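*Asks:* pasting a predicted model and its sequence here:
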Amino acid sequence: MLKENNVAKSNVLVVSRCRYSSMGLAGFLERNLNSAENKYCYSYAEGKRIRAETLNRYDIVMMFTFRDLKQNIAILEIISSMYRLYNGKTKIVVFYDDERVVQLFSILGARVELISAKLPLNVLLEKVRTVLHSPTLGQLSFQQTRMLSAAERQVIFNLLKGISLQDIAKTRGTNVKTIFAQKYSAMKKLRLKHIGTVFTSAGAAH
């Protein structure tokens, strides 16, 4: 179940599927940055994902990525849902240790603050401090030319999670031709020739 501190706005939320890493980073940031200006809280998902409405309650959300790239699809899906539902002013900071995560966000047109988890701690802290005090860094946005409709977004994220067109159609209660058309439209907007491109180091066709 989701465990979360009950806090108000103007707080920083550190998110991970590992309770101890999220608690650890939240504590580390609080000790090393100005805790008088920002309150650091943690949240983790055990058996279920964090909801977009939870993230939307905070001014800044810091998220860990996973070694398995497919698990990072869930992170981007949540971020995309938050933008679509609320279009708020929450800043997003994503810590990654796989360069393909940067590619994944780029392909789907998501603009967030991406920070390599491999950086020395003093450099990482300085980058986080810069984001905390900047009015623009980390501000969530999506490239308009790559914006997908709700149906296209659902198809693409399901495909990225390994769900077939047939199963998507069955779940949606529609025919495969409709799903295929939505897939084609989404792939064209994202400039992808093949869905597997997302999981390779080659990148999308630009």
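*Replies:* Looks like it came in fine.

*Asks:* please list all residues in contact with the residue nearest to the spatial centre of the chain.
*Replies:* Closest residue to the average C-alpha location of the chain: residue 76 at 3.2 Å, with CA atoms, centre = their mean. Counting by CB atoms under 8 Å, 6 or more residues apart in numbering, residue 76 touches 104-105, 108, 110. No exception for glycine: its C-beta is placed from N, CA and C like everyone else's.

*Asks:* mind listing what's buried along the biggest helix by length in the chain?
*Replies:* What stands out as the longest helix in the chain, according to DSSP state H, is helix 69-86. Neighbour-count burial for helix 69-86, with 16 or more other CB atoms under 10 Å as criterion, is recorded at 69, 72-83.

*Asks:* re earlier: of the contacts of residue 76, which is the nearest to residue 87?
*Replies:* The closest of the contacts of residue 76 to residue 87 turns out to be residue 110 (CB to CB; 13.4 Å).

*Asks:* spit out the contact partners of the closest one.
*Replies:* 76, 79-80, 83, 140-142.

*Asks:* how about residue 69?
*Replies:* For residue 69, counting by CB under 8 Å, 6+ apart, the contacting residues are 98, 100-101, 104, 198-199.

*Asks:* how about a cut-off of 7 Å?
*Replies:* Going by CB atoms under 7 Å, 6 or more residues apart in numbering, residue 69 touches 98, 100, 104, 199.

*Asks:* format these as CSV; extra columns: distance to residue 55 and secondary structure.
*Replies:* Below are the contacts of residue 69 laid out as CSV (distance: CB to CB, whole Å; DSSP: H, G, I helix; E, B strand; the rest coil):
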residue, distance to residue 55, secondary structure
98, 22, coil
100, 23, helix
104, 18, helix
199, 25, helix
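
*Asks:* residue 129: which of those residues is nearest?
*Replies:* residue 98 (24.4 Å).

*Asks:* and the closest one, how close does it get to residue 70?
*Replies:* 11 Å (CB to CB, to the nearest Å).

*Asks:* from residue 127, how far out is residue 11?
*Replies:* In terms of CB to CB, residue 11 sits 19 Å off from residue 127.

*Asks:* now the helices for the chain?
*Replies:* 19-32, 52-55, 69-86, 99-107, 121-133, 150-160, 165-172, 176-190.

*Asks:* out of these, which comes closest to residue 39?
*Replies:* Closest to residue 39 of those is helix 19-32 (CB to CB; 7.9 Å).

*Asks:* just to revisit the earlier point, so which of the helices of the chain gets nearest residue 41?
*Replies:* Using CB to CB, those put helix 19-32 closest to residue 41, at 6.4 Å.

*Asks:* quick one: average confidence on that closest one?
*Replies:* With pLDDT averaged residue by residue, helix 19-32 scores 68.

*Asks:* report pLDDT for the residue nearest to residue 159 when sequence neighbours are not counted.
*Replies:* Spatially, and ignoring its direct neighbours in sequence, residue 159 is nearest to residue 195 (5.2 Å; CB to CB, 6 or more residues apart in numbering). The model reports residue 195 with a pLDDT of 84.

*Asks:* residue 205 too?
*Replies:* Note on residue 205: pLDDT of 41.
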